[in-house]
Structures are given as structure tokens and as C-alpha cells.
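K.L.:
Fold the following and give me the result.
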Amino acid sequence: MKFLFKLAFWLSIVVLLLPADRAQQGPQVGTGEAMTAANAAVSDMRQFCARQPDACSVGSQALTHFGHKAQSGAKMLYEFLNEKFGREPSPDAGTLAGAGEKAIPAAARKPGQNTLTPADQALPWHGPQPRREAEARRPA
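P.N.:
Numbering: from 1, shown residues only. As a prediction, the model looks like this:
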């Protein structure tokens, strides 16, 4: 519920900041009047659940149900996209599975630490060489 209030607030701020067509503008509302009206609306929203507890509980249940449906839909979309565009594991890649765990293809495993070869570690970095101009300017 709090998320919806925040979303409505930020969307209204975005709409207020958009430029408007001069021909369609109605009466001018000052900033102070708008802030007073917004404060009154927010305080009224805070008291809504106290005034209408049944509507608040039904709305909460509806939002919970909506959240579960959204989560289920996202999971179905993820599985569909994974089937269509996911990498096919090669037969020689093997899998990593423990007791009670799903098999993870070798291509999907995270790389381990200490993967640098001795050739990678051989030459230390010394930084860039100073310019010759800078050496000539230095007082001796």
C-alpha cells in the first residue's frame, strides 16, 4: 500500500513538471495552494484504514493476490525465455549436483577464485613512464 502511495506521488510530480499547452490551461493554482491541498490529501489517506477497515483489508488481500500473480507470471516468462534463448549444455560439460540440489550445467557455474595463470602474474606493473618534458623542467 505504501508503494502505491509513493508511486502516485512521484508520478504526480512528473506530471506537474511536464510542460502544458497554453490553450488548454485552466485557472492558475499557486504553489502554496497546491502544497496545502497535497498535505490535506495525504493526511486523509493516512486515516483511510481507520475509517474503512473492511475496504483496507480487502484491498490488502487484493494487492497480495496481485503480487502473487505477478510473481507467477514473471517466473513463467523467465522459464519461457530460458527455454527459447538459454544456452544448451554440451554433452561433455557435465553437471554439478549435490544431495537434494538441482543439476547445474558447467557453463552456468560461477568461475572460482585464483584463476590467474603464472604468466598473468609474472610481470608487475610499474605505471606509466614520466614524460621527457617533465624531466627537463625539474630543477637540478
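K.L.:
What's the first helix or strand after the helix or strand hosting Val15?
P.N.:
Element membership for Val15, per DSSP states H and E: helix 2-17. Reading on from helix 2-17 to the C-terminus, the next helix or strand found by DSSP H and E is helix 31-46.
K.L.:
which residues sit against that next one?
P.N.:
Contact with helix 31-46 is made by Phe5, as judged by CB atoms under 8 Å, 6 or more residues apart in numbering. From N, CA and C alone the C-beta is placed, and that goes for glycine too.
K.L.:
follow-up on the earlier one: could you dump the helix holding Val15 to CSV, C-alpha only?
P.N.:
This file holds the C-alpha atoms of helix 2-17, laid out as CSV (Å, rounded to 0.1, in the frame of the first residue of the first chain):
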residue,chain,number,x,y,z
LYS,A,2,2.9,2.3,0.9
PHE,A,3,4.4,1.6,-2.5
LEU,A,4,1.3,2.7,-4.3
PHE,A,5,1.2,6.0,-2.4
LYS,A,6,4.9,6.6,-3.3
LEU,A,7,4.3,5.7,-6.9
ALA,A,8,1.3,8.0,-7.1
PHE,A,9,3.2,10.8,-5.5
TRP,A,10,6.2,10.6,-7.9
LEU,A,11,4.0,10.2,-11.0
SER,A,12,2.1,13.3,-10.0
ILE,A,13,5.4,15.2,-9.5
VAL,A,14,6.5,14.1,-13.0
VAL,A,15,3.1,15.2,-14.5
LEU,A,16,3.4,18.6,-12.7
LEU,A,17,6.8,19.1,-14.2
